[in-house]
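> Make a model of this:
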Amino acid sequence: MRISRWMWLGAFAAGITLAGCTTSEIVYKDRAPFNAAVDSVTGLLGYYTVGTKQTTCGNCHAGHQSDWSQTHHASAWATLVSSGHANSSCYACHTVSQNGNGIGKPAGYMFKADSSYQDVQCESCHGSGTKHVTLPDNKANWPLARITLTDSARSCIACHTGTHTPFAQEWAQSGHSKLEAPAVGNTTSTCRNCHEGKTALASWGVVTNYQEKDSASVNSAHTCSVCHNPHGSPNSHQLRFPINTPDPDKNLCMKCHLNRGSPTLTSSTPHGAAGYVLLGVAGYRAAGLSLDTMVTLTTHSSSTNQRLCAGCHVNAFDVSDSNGFVFHSTGHSFHPLPCLKTNGQPDTVTTCAYSTAARTFKACTASGCHGNEAVAASLLSSLRSQIASFADQIWLDNNHNGAIDAAPIDGGYLATIKATRPTELSSTTVITPARGAQFNVFLFAERNYGHGDNSFGVHNPLLARTLLAANVNELRAAYALPAPPAALQAMVDQAIAQAKAKSPAFFVRSK
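Down below sits the predicted model:
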């Protein structure tokens, strides 16, 4: 085989090079895993490589780096710059600074405006990482973040607050912000799994470490990081679980709002049943009422309202006052129809009239279910009236004590049954028609018994009307009770007929 001159020269050159390697010492030097802190006072490290948004923390915590890089926090600086109204008052919340980590004095970007501190990085919540990177195995140097919101300087409140982003203020008006009695001092997890944020995270398999995790003395409400994963998630808005799936095992809201949706031998009281109602599988089914599935009878969990619970309960909207000031409501009070102040902002008052003049019905239009607020308000008024009529026929709590008293103290069918056949309401061996009707009234009536659905039937209007109407018919037949007024009986018959026409899975067997 002939070897060309160029091949020979190449081989010769390579030989010279290799010969040189055998006689020369080559020293390889890796870059140190962290840079010297630009803010030498607090030791905030910031970006390791600005151009690639590689955080110093991410050099070791690669999984968190990968997740975080997909969040809005990772583009906080670019978002601010592109908004066109950036000013110095915005910088602390769009960079690594003293906000969120409790440093208590100008730090990071507010100490020195360096690009390594742009965006909301790990140290915005965890604090300085300098000690940790120098002695990573020393637990005393672990910069753990907090999940409680008791300290506004060391939590999400530091930035997600105020008229610009009033997440914290609106959350404080919600039930999620309150540690209810079952959680406080309860040594079992049955109640705490839903009533206490720290235990809820553990029950969901969240193993991420944080300051309060191993503290027996610290209880936590359902704060931001219970529902949102600060490190990022594949779900919208960094939510730990999706909100657009009807699968109760995967839906975030139904992790808790899906408890006792039908009566048991030992209980005729619903508890956290909103998810069951929305999906159409809640409540007691009267004899003669066959509901193979309620999926097609479901209304507000239809494909129109793809965000399900959040479609009505979490909606942001802007309010402009006469001076041109724009208030951005975040929807984190979770009130679907909040009362309004005179300037149009959501109010802390919850007892105003259910009218478009007193409340906003924007959730009804934003969810995609209703064309305008007036229509939604009118439908709500009609639904409340019909459910109240059915519920009062079943049981009228005249003395408002939340317990069924025998007639004539209370009124309605159940009060009569309590007077004539009391064991029908106390049996623990069988779910009687009386107990079933009691459960449905507790579930759908407005009187807020126990832990009912509390939506005035809105979570599933057709289900609420159908079940209560069927209760009226069953109680009358099972206990030989007098017929209701003709107008009410006509409403009962109409509710049954509408449900039958709505779904082929629904039918009423002839007696």
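> which residues are in contact with stretch 153-166?
Under the criterion CB atoms under 8 Å, 6 or more residues apart in numbering, residues 92-93, 98-102, 104, 120, 125, 146-149, 152, 167-169, 223-225, 327-330 lie in contact with stretch 153-166. Just so you know, the C-beta spots here come from the backbone N, C-alpha and C atoms, and that holds for glycine as well.
> Next, check these against the strands and list the overlap.
327, 328, 329 (DSSP state E).
> Look at the second one and say how many residues are nearby.
Counted by other CB atoms under 10 Å, the residues lying close to residue 328 total 14.
> Could you pull up the residues touching it?
163, 164, 165, 166, 316, 318.
> which residues in the stretch 251-400 of the chain form helices?
Along the stretch 251-400 of the chain, the segments classed as helices by DSSP state H, counting those that start in this stretch run 274-279, 309-313, 362-366, 373-394.
> right, and these - which one's nearest residue 348?
Using CB to CB as the criterion, the shortest distance between residue 348 and the helices of the stretch 251-400 of the chain is 16.8 Å, found for helix 309-313.
> Which helix or which strand is home to residue 67?
helix 62-68 (DSSP states H and E).
> what's that helix packed up against?
Under the contact definition 3 or more CB pairs under 8 Å, 6 or more residues apart in numbering; DSSP states H and E, helix 62-68 sits against strand 54-55.
> Show me the shaky parts of the stretch 401-511 of the chain.
Confidence mapping of the stretch 401-511 of the chain against pLDDT under 70 gives the ranges 448-450, 503-511.
> So if we follow the domain assignment, how does this protein break up?
Under automatic domain parsing, the residue ranges defining each domain of the chain are 47-143, 274-290+373-508.
> Tabulate these (TSV), appending mean neighbour count and distance to residue 214.
As requested, the domains of the chain are arranged in TSV below (neighbours: other CB atoms under 10 Å; distance: least, CB to CB, whole Å):
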stretch	mean neighbour count	distance to residue 214
domain 47-143	18	11
domain 274-290+373-508	19	30
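> can you put those domains in CSV and add distance to residue 200?
Converted to CSV, the domains of the chain look like this (distance: least, CB to CB, whole Å):
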stretch, distance to residue 200
domain 47-143, 20
domain 274-290+373-508, 15
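> closest to residue 195 out of those?
Residue 195 lies closest to domain 274-290+373-508 among those, at 11.1 Å (CB to CB).
> since we're on residue 353, how many residues are nearby?
Considering only other CB under 10 Å, residue 353 is surrounded by 10 other residues.
> could you list every residue that touches residue 346?
Contact partners of residue 346, counting by CB under 8 Å, 6+ apart, are 170, 329, 333, 335, 338, 339, 340, 360.
> Kindly reformat these as a markdown table containing distance to residue 62.
What follows is the contacts of residue 346, written out as a markdown table (distance: CB to CB, whole Å):
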| residue | distance to residue 62 |
| --- | --- |
| 170 | 35 |
| 329 | 38 |
| 333 | 37 |
| 335 | 41 |
| 338 | 42 |
| 339 | 48 |
| 340 | 47 |
| 360 | 45 |
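> Check residue 257 and give its pLDDT.
Per-residue pLDDT puts residue 257 at 94.
> do you know how far it is from residue 270?
For residue 257, the distance to residue 270 (CB to CB, to the nearest Å) stands at 11 Å.
> the more surrounded of the two?
Taking residue 257 and residue 270 together and counting by other CB under 10 Å, residue 270 has the greater number of neighbours (28 against 22).
> any idea how far the nearest residue to residue 266 once chain neighbours are set aside lies from residue 406?
When the adjacent residues along the chain are set aside, residue 266 lies closest to residue 428, with 5.9 Å between them (CB to CB, 6 or more residues apart in numbering). To residue 406, residue 428 is 20 Å away according to CB to CB.
> in this protein, what spans have low per-residue confidence?
Within the chain, the ranges that satisfy pLDDT under 70 run 1-29, 180-189, 290-299, 448-450, 503-511.
> Nearest to residue 323, out of the domains of the chain?
Checking the domains of the chain against residue 323 by CB to CB gives domain 47-143 as the closest, at 17.3 Å.
> Span of the closest one from start to end?
With CA to CA, to the nearest Å applied, domain 47-143 spans 17 Å between its terminal residues.
> for it, the distance to its chain's centre please.
A distance of 26 Å separates the centroid of the chain from that of domain 47-143, by CA atoms, centre = their mean, to the nearest Å.
> Next one: the residue nearest the centre of the chain from residue 301, what distance?
In the chain, the residue lying closest to the centroid (CA atoms, centre = their mean) is residue 253, at 5.0 Å. Shown here: residue 253 relative to residue 301, a distance of 11 Å by CB to CB.
> show me what contacts residue 498?
462, 465, 466.
> which strands and helices sit next to the helix or strand hosting the first one?
Taking DSSP H and E as the definition, residue 462 sits inside helix 461-478. Applying 3+ CB pairs under 8 Å, 6+ apart, one finds that helix 461-478 contacts strand 289-291, helix 373-394, helix 413-420, helix 433-444, helix 486-502.
> In TSV: these, plus distance to residue 191.
Supplementary listing: these in TSV, determined by distance: least, CB to CB, whole Å:
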stretch	distance to residue 191
strand 289-291	30
helix 373-394	28
helix 413-420	28
helix 433-444	19
helix 486-502	35
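> Looking at the ones you listed, which is nearest to residue 129?
Shortest separation from residue 129 across the helices and strands packed on helix 461-478 is recorded for helix 373-394, at 49.4 Å, computed as CB to CB.
> I would like the residues contacting that closest one, please.
Applying CB under 8 Å, 6+ apart, the contact partners of helix 373-394 are 354-356, 360-362, 364-365, 369-370, 411-414, 437, 440-441, 444-446, 456-458, 461, 464-465, 468-469, 471-472, 475, 484, 488, 491-492, 495.
> hmm, back to that, any of the contacts of residue 346 buried? List them.
Buried members of the contacts of residue 346, scored by 16 or more other CB atoms under 10 Å, are 170, 329, 333, 335, 338, 339, 340, 360.
> Please identify which of the residues you listed is nearest to residue 423.
When the buried ones among the contacts of residue 346 are ranked by distance to residue 423 (CB to CB), residue 335 comes first, at 41.3 Å.
> I'd say the closest one and residue 348 touch.
No. In this structure, residue 335 is not within contact of residue 348 by CB atoms under 8 Å, at 9.9 Å.
> Check the contact lists of those two and give me the overlap.
Residues touching both residue 335 and residue 348 (CB under 8 Å, 6+ apart) are residue 173.
> Would you reformat the contacts of residue 498 as CSV and include distance to residue 61?
What follows is those, written out as CSV (distance: CB to CB, whole Å):
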residue, distance to residue 61
462, 49
465, 53
466, 53
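> between these, which is closest to residue 397?
The closest of those to residue 397 turns out to be residue 465 (CB to CB; 20.2 Å).
> Now that closest one: closest residue in space that isn't a chain neighbour?
Using CB to CB, 6+ apart and skipping residues adjacent in sequence, the residue nearest residue 465 is residue 495, 4.4 Å away.
> so what's the one you found up against?
By CB under 8 Å, 6+ apart, the neighbours of residue 495 are 386, 390, 465, 466, 468, 469.
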